[in-house]
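**Student:** Give the three-dimensional model of this entry:
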Amino acid sequence: MDAARMAGLTRWVMEAGLNGMMEQEILHGFCNRLVEAGLPVSRVNMIIDTLHPVYEGRAFRWRKNQADIEPVVEYGRTHEGEAAENWRRSTYYHLFHTGDDMLRRRIGPEHPVDFVVLDELRGEGQTDYLALAHRFAAEGSIGEMDCVYSSWTTDVASGFSDDHVSLLRDLALPLALAVKCASLARITETLVTTYLGRDAGRRVLSGRIARGVTDRIRAILWFSDLRGFTHVTETAEPEQIIPFLNDYAEAIVSSIHDAGGDVLKLIGDGILAIFTAEDPVQACRCALEAEKSMRARISTLNKERTCRNLPVADAYLALHIGEVFYGNIGSQDRLDFTVVGPAVNEVSRIAALCHSVERDVLASSAFFSAASESDRAGLVSVGRYALRGVERPQELFTLDPESIDR
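**Tutor:** Numbers count the residues shown, from 1 in each chain. Below is the predicted model of the structure:
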C-alpha cells in the first residue's frame, strides 16, 4: 500500500468515527478497503468493554467473503463461569497481563499451538495471526473500558509479510480511535436511557439539558408500589432485599415498556411512569395493558420465589391523567428530568388509598372519563374519597374482575 492510499484509508476511518458510524460499519468499511488495497486480510475481530447493566462488552467481526457472519456479539461478565474461562485462554488475556501491545503466531502443523484459537484458525485454513492492544490512559478510560483489542489473520500460504504487520499496526491505531468514539456515543445513550428513562434520555441527548427547560404535556400517570415491602425489609435477610427489589422492578418496568410507557422514577419500591400517546384513549388502554401484564408477571414471579423459599409481594397501582411539566428541574449542577405538577401529587395520594380501600388498582375519575367506552366497562366505582392536599373529594374506580379477563 503506497503512502497516498494509506493516508486515504486513515482519513476515511477518522471521518467515519466523527460522522457517527456504528462500530461494525466502521470495521467492515475499513477491512473491505484494506483488501481492495492488496492486504491479504481474511478474518478480523475487535473487542471493547462497555458500560451496560447486562453486558461487559462487545465484539465486532468481519470475514472476507462471508456476509452471513454475525457482525456484533455482546458478551457477559468475564469474571465468572464459561466466559471467564474463555477470557483466560485468549490471546487478549495474554496481552492484558503481559502489558505487550502485539502478539504474532504463525499457524500450521510445524508451528506450536499455545492458544486455543490457533487450533480453530488452522481448521479454517488460516496461516498467520496477529493480536493488537491499544490501551487508553487513565483519563481516557471509563469503568473497564480501557483498551481496544483486535486480531487479524490471513489465509495466504506465505502469511503476513513484515511490511503487512507494520501497516496493520499503524492503521489499527486510527481504527481503534474511531471504534472508541462510536462506543462512547453508544455508552452515553445507554447510560441516559438506563438512568433517566427512554423518552427522557432521548430528550436530554437532543440537547434539552438547561435548567428550567420543560414541556407542558398531558399524560397518563402511573404510580405503583409494593404491598408488604416494609414487612419484607424487617424480616428478610439484608442480602435478600436488593435481589427482591430487582425481581419486582424487572416485572413492572418490563410491563410498562412493553406497553409503550416510560419509567421516570424508581423510588425505593415505588415506580413513577407516564404514557403519552397522542390519543388519550390509546394512552389509557396502554396503561391498562401494562397493568394486566404486570399482574401476570408478578404472579409467575411469586410462584418462582415461593418455590425457592424467598419473600414475595404484590403491587398496588394508581392511574391518573393530567397536565404536568416535563423537563429539567433542580440546581445548577444537579438536575433531574422528571414530571411535576398537581397531577403527580394526586396520583401518589390515590396510590396511598389502595391499602385503606383494599384494592390493588385505583383510577381517578379523570382517567375513567378519558378511557374508551369498552375500557370504562371494566372499571367500577368504589366511591368518593378525600385526597390529602386536594380540595374536593374524588370518585375513584377499580378494575371489575367480572368484566375484564384477568
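**Student:** any idea where the helices of this structure begin and end?
**Tutor:** In the chain, the helices defined using DSSP state H lie at 3-18, 23-36, 81-88, 91-98, 116-123, 162-196, 198-205, 229-235, 238-258, 280-307, 342-357, 365-370, 373-376.
**Student:** and those helices as JSON lines, adding mean pLDDT?
**Tutor:** Shown next, in JSON lines, are the helices of the chain (pLDDT from 0 to 100):
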{"stretch": "helix 3-18", "mean pLDDT": "91"}
{"stretch": "helix 23-36", "mean pLDDT": "94"}
{"stretch": "helix 81-88", "mean pLDDT": "76"}
{"stretch": "helix 91-98", "mean pLDDT": "92"}
{"stretch": "helix 116-123", "mean pLDDT": "91"}
{"stretch": "helix 162-196", "mean pLDDT": "91"}
{"stretch": "helix 198-205", "mean pLDDT": "84"}
{"stretch": "helix 229-235", "mean pLDDT": "89"}
{"stretch": "helix 238-258", "mean pLDDT": "95"}
{"stretch": "helix 280-307", "mean pLDDT": "96"}
{"stretch": "helix 342-357", "mean pLDDT": "92"}
{"stretch": "helix 365-370", "mean pLDDT": "96"}
{"stretch": "helix 373-376", "mean pLDDT": "94"}
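**Student:** Same list, those helices, but as TSV with mean neighbour count and distance to A315 please.
**Tutor:** Glycine gets a C-beta too; all of them are placed from N, C-alpha and C. Output for those, formatted as TSV (neighbours: other C-beta atoms under 10 Å; distance: least, C-beta to C-beta, whole Å):
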stretch	mean neighbour count	distance to A315
helix 3-18	15	45
helix 23-36	19	39
helix 81-88	12	32
helix 91-98	16	44
helix 116-123	15	48
helix 162-196	18	22
helix 198-205	18	21
helix 229-235	13	10
helix 238-258	16	6
helix 280-307	18	6
helix 342-357	19	10
helix 365-370	19	17
helix 373-376	14	20
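**Student:** and N65, which of those helices is closest to it?
**Tutor:** helix 23-36 (9.6 Å; C-beta to C-beta).
**Student:** ok and that closest one relative to helix 3-18, angle-wise?
**Tutor:** With axes from the mean of the first three to the mean of the last three C-alpha atoms, to 10 degrees applied, the angle from helix 23-36 to helix 3-18 works out at 170 degrees.
**Student:** how's the chain carved up into domains?
**Tutor:** 3-195, 199-399 (automatic domain parsing).
**Student:** what separates A182 from L226, distance-wise?
**Tutor:** A182 is 40 Å from L226, where distance means C-beta to C-beta, to the nearest Å.
**Student:** hmm, back to that, closest one to L266 among the helices of the chain?
**Tutor:** Between those, helix 238-258 lies closest to L266; by C-beta to C-beta that is 6.4 Å.
**Student:** Surely T127 is in contact with T154?
**Tutor:** Yes. With contact defined as C-beta atoms under 8 Å, T127 reaches T154; the gap is 6.1 Å.
**Student:** the more surrounded of the two?
**Tutor:** For T127 versus T154, neighbours defined as other C-beta atoms under 10 Å are more numerous around T154 (23 against 20).
**Student:** Just the pLDDT for the more buried one.
**Tutor:** Among the per-residue scores, T154 holds a pLDDT of 96.
**Student:** list the contacts for it?
**Tutor:** Contacts for T154 (C-beta atoms under 8 Å, 6 or more residues apart in numbering) come out as 40-42, 126-128, 160, 164.
**Student:** Distance of the spatially most central residue of the chain relative to A138?
**Tutor:** Note on the chain: the residue nearest the mean C-alpha position is T190, at 5.2 Å, using C-alpha atoms, centre = their mean. T190 sits 22 Å away from A138, going by C-beta to C-beta.
**Student:** Kindly report the same for S356.
**Tutor:** Distance from S356 to A138, by C-beta to C-beta: 55 Å.
**Student:** Show me the longest strand that occurs in the chain.
**Tutor:** As assigned by DSSP state E, the longest strand anywhere in the chain is strand 314-330.
**Student:** Report the buried residues of that one.
**Tutor:** Buried residues in strand 314-330, counted by 16 or more other C-beta atoms under 10 Å: 315-322, 324-329.
**Student:** Same question for stretch 143-152.
**Tutor:** Residues of stretch 143-152 classed as buried: 145, 147-152 (neighbour count, 16+ other C-beta under 10 Å).
**Student:** Pick the one among those residues closest to T306.
**Tutor:** Among the buried residues of stretch 143-152, and counting by C-beta to C-beta, the member closest to T306 is M145, at 40.1 Å.
**Student:** Please report the distance of the residue lying closest to G389 once chain neighbours are set aside from S365.
**Tutor:** Excluding the flanking residues, the one nearest G389 by C-beta to C-beta, 6 or more residues apart in numbering is N345, at 6.1 Å. N345 sits 16 Å away from S365, going by C-beta to C-beta.
**Student:** One more: M14?
**Tutor:** Applying C-beta to C-beta, the value for M14 to S365 is 60 Å.
**Student:** what do you get for C307?
**Tutor:** Plainly put, C307 is 41 Å away from S365 if you go by C-beta to C-beta.
**Student:** Same question for A16.
**Tutor:** Distance from A16 to S365, counting by C-beta to C-beta: 56 Å.
**Student:** now do G197
**Tutor:** Distance from G197 to S365, by C-beta to C-beta: 27 Å.
**Student:** quick one on the thing from earlier: can I get the CA coordinates of the longest strand of the chain in PDB?
**Tutor:** Listed next in PDB are the C-alpha coordinates belonging to strand 314-330 (Å, rounded to 0.1, in the frame of the first residue of the first chain):
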ATOM      1  CA  ASP A 314     -47.900  -7.900  45.300                       C
ATOM      2  CA  ALA A 315     -48.100  -4.500  43.600                       C
ATOM      3  CA  TYR A 316     -50.800  -1.800  44.000                       C
ATOM      4  CA  LEU A 317     -51.300   0.900  41.400                       C
ATOM      5  CA  ALA A 318     -52.800   4.300  40.900                       C
ATOM      6  CA  LEU A 319     -53.700   5.700  37.500                       C
ATOM      7  CA  HIS A 320     -54.500   9.300  36.700                       C
ATOM      8  CA  ILE A 321     -54.400  11.700  33.800                       C
ATOM      9  CA  GLY A 322     -53.500  15.400  33.900                       C
ATOM     10  CA  GLU A 323     -51.200  18.200  32.700                       C
ATOM     11  CA  VAL A 324     -47.700  18.100  34.000                       C
ATOM     12  CA  PHE A 325     -44.400  20.000  33.500                       C
ATOM     13  CA  TYR A 326     -41.900  17.500  32.000                       C
ATOM     14  CA  GLY A 327     -38.300  18.500  31.900                       C
ATOM     15  CA  ASN A 328     -35.200  19.700  33.800                       C
ATOM     16  CA  ILE A 329     -35.700  20.700  37.400                       C
ATOM     17  CA  GLY A 330     -33.000  21.200  40.100                       C
END
